[in-house]
Each structure stands twice: as C-alpha cells, then as structure tokens.
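>>> coordinates only, no sequence provided:
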C-alpha cells in the first residue's frame, strides 16, 4: 500500500495548481512602459556656434555665451564674432553637463586634460 506523500515545508500540497507566470498573477500589477525622457519636437531649432565666448554665474544659473564667425559679404575683411546664443542652466544641471561632456569626450578619444594652449587637442 502506498503512503501519502508529505509536502516539503513551504511546498504546495499535492493536487494544488502549480506556480503561475507573473503575467497571470492578479496580485502583481502589470508594469507599464516608462514614458520617454524627452518628448521629440521636430520644430526645435538646431543652433550652430563656432566657439564658447564666455561663462557667467548669475542668480544660481550658469550662462554659456556662444558666438559664430561671420563675414560681411559686401565688404572684404576679417570675420567677426557674432553672438549666436546663450544657454542658461541651473547650477546643478551645468555640473551634470560638464561631467557628461568630459566623459563623452574621453570615450571618443578626446581627453580634455590633454588640451594645449591653442585650444586644439594634443594627439
């Protein structure tokens, strides 16, 4: 005669339904996909600048002033720097930008620590 099988400690008794998949469980809420971090805007302008002209710290923000080189097409002469844009970030965001840019440049083989006086990257 067969003896009844005793369930292990914590195991389901014989004849009980087995474990279910997570998606079948009703006590675990379904996870929803996270929304994108930045919503795309096809109308957002691209701004080109030849150089960073100056930095300012004003009322808890850091201001990055950029310029573009332009030449007057009606007169021969040197190019002049014309203000292109000013990017204003809260101090914490400016710090994150600097760290992210430093890390990005390093990964691209452009170590900012190897910059030379002329502003070009040392090879």
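It's in. Just so we're clear, the structure is a prediction, and the values are computed from it rather than from any experiment.
>>> do you know the pLDDT at residue 76?
What the model reports as pLDDT for residue 76 is 79.
>>> mind listing what's buried in stretch 39-56?
Neighbour-count burial for stretch 39-56 flags residue 49 (criterion: 16 or more other Cβ atoms under 10 Å). To be clear about C-beta, it is placed using only N, CA and C from the backbone, and glycine gets the same treatment.
>>> oops, could you answer that again for stretch 81-95 instead?
Within stretch 81-95, the residues scored as buried using 16+ other Cβ under 10 Å are 84, 94.
>>> what's it in contact with?
With contact meaning Cβ atoms under 8 Å, 6 or more residues apart in numbering, stretch 81-95 is reached by 47-51, 53, 57, 60-70, 97.
>>> among those, which are in helices?
Among those, the members found in helices (DSSP state H) are residue 97.
>>> now the strands for the chain?
Remark: strands assigned in the chain by DSSP state E are 51-58, 61-70, 80-90.
>>> figure out which of the ones you listed is closest to residue 108.
Residue 108 lies closest to strand 51-58 among these, at 18.1 Å (Cβ to Cβ).
>>> so where's this structure uncertain?
Scanning the chain for pLDDT under 70 picks out 1-29, 36, 115-123.
>>> and if we set it to 90?
Flagging of the chain using pLDDT under 90 yields the residue ranges 1-42, 71-80, 106, 109-123.
>>> tally of neighbours for residue 62?
When neighbours are defined as other Cβ atoms under 10 Å, residue 62 has 19 of them.
>>> find the nearest non-adjacent residue to it, please.
Spatial nearest neighbour of residue 62, chain neighbours left out: residue 94 (3.8 Å); criterion: Cβ to Cβ, 6 or more residues apart in numbering.
>>> distance to residue 114 added to the strands of the chain, as TSV?
Output for the strands of the chain, formatted as TSV (distance: least, Cβ to Cβ, whole Å):
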stretch	distance to residue 114
strand 51-58	18
strand 61-70	22
strand 80-90	25
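>>> cheers, nothing more for now.
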